[in-house]
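Chemist: take this sequence and fold it.
(chains A, B and C)
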Amino acid sequence: MPIEITGYWLAKTEPEVYSIDDLARDGETEWDGVRNYQVRNFMRDRMKPGEQILIYHSNTKPLGVYGIAEVAGPAHPDSTQFDAKSKYYDEGSDPDDPRWWCPDFRYVETLQTPVTRDSIKETPGLENINVTKRGMRLSVMPVTKKEFDIICKLGRR
DNA sequence: GCCAACGTTGGC
DNA sequence: GCCAACGTTGGC
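Modeler: This is a model prediction of the structure:
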């Protein structure tokens, strides 16, 4: 089944690499380093400025949604692909036709209560959310408005 | 630390 | 174009 695009998103990040606290500190950041074509296409072609993003922490305890960001502007070439010192350097990417694109994300809020993966699995209305689907390996994926609203409500109390 | 589920690569 | 081997993601 194709993934439905709704204008709401969930982005995974390892908090040891870049957390919602880092985004709160920075205000805005380039969402760089993604090297998956499907996610590249979401970010380059489908994300629109102002769209809301759940920030999900992976490889940590507890797993879950820790905050909200928004798309700060249109996608632009991912700067790390041309940086030979970056672990994301891609020598096959042509500066005149860059392979990897991403927008900047802008900090919106940190949830009072993180919405854990376990609670997501138990919450009515979140049965079909992509992030808990078996085999889901995309680091950026759409969520529905209903899913977005349920998670915000859970996180703000 | 394990490993399922993918995506990518490269020989043919 | 097929597909086996390999690498990565990321939950468990």
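Chemist: please report how far the residue lying farthest from the centre of chain A lies from A:Phe82.
Modeler: Relative to the centre of chain A, the most outlying C-alpha is that of A:Asp96, 26.6 Å out, by C-alpha atoms, centre = their mean. As defined by C-beta to C-beta, to the nearest Å, A:Asp96 lies at a distance of 11 Å from A:Phe82. For the C-beta atoms, the positions are set from N, CA and C on the backbone; glycine is no exception.
Chemist: ok, now A:Asp104?
Modeler: A:Asp104 is 17 Å from A:Phe82, by C-beta to C-beta.
Chemist: same deal with A:Glu16?
Modeler: A:Glu16 is 25 Å from A:Phe82, by C-beta to C-beta.
Chemist: phi and psi next, for the closest residue to A:Leu111 other than its chain neighbours.
Modeler: Once flanking residues are discounted, A:Leu111 sits nearest to A:Gly155: 3.2 Å by C-beta to C-beta, 6 or more residues apart in numbering. Dihedral angles phi and psi of A:Gly155 (degrees, to the nearest 10) take the values phi -80, psi -20.
Chemist: surely A:Gly155 meets A:Val115?
Modeler: Yes. Between A:Gly155 and A:Val115 there is a contact at 4.8 Å, judged by C-beta atoms under 8 Å.
Chemist: re earlier: and A:Glu16 and A:Phe82? Which one has more around it.
Modeler: A:Phe82 (17 against 9; other C-beta atoms under 10 Å).
Chemist: list phi and psi for that one.
Modeler: phi -100, psi 10.
Chemist: now do the closest residue to it other than its chain neighbours: how many residues are near it, please.
Modeler: Closest residue to A:Phe82 apart from its sequence neighbours, by C-beta to C-beta, 6+ apart: A:Pro95 at 6.2 Å. A count of nearby residues for A:Pro95, using other C-beta under 10 Å, gives 8.
Chemist: distance check, A:Pro95 against A:Ser79.
Modeler: 11 Å.
Chemist: if you skip the residues just before and after it, what's nearest to A:Ala24?
Modeler: Nearest to A:Ala24 is A:Tyr107, by C-beta to C-beta, 6+ apart, at 5.1 Å.
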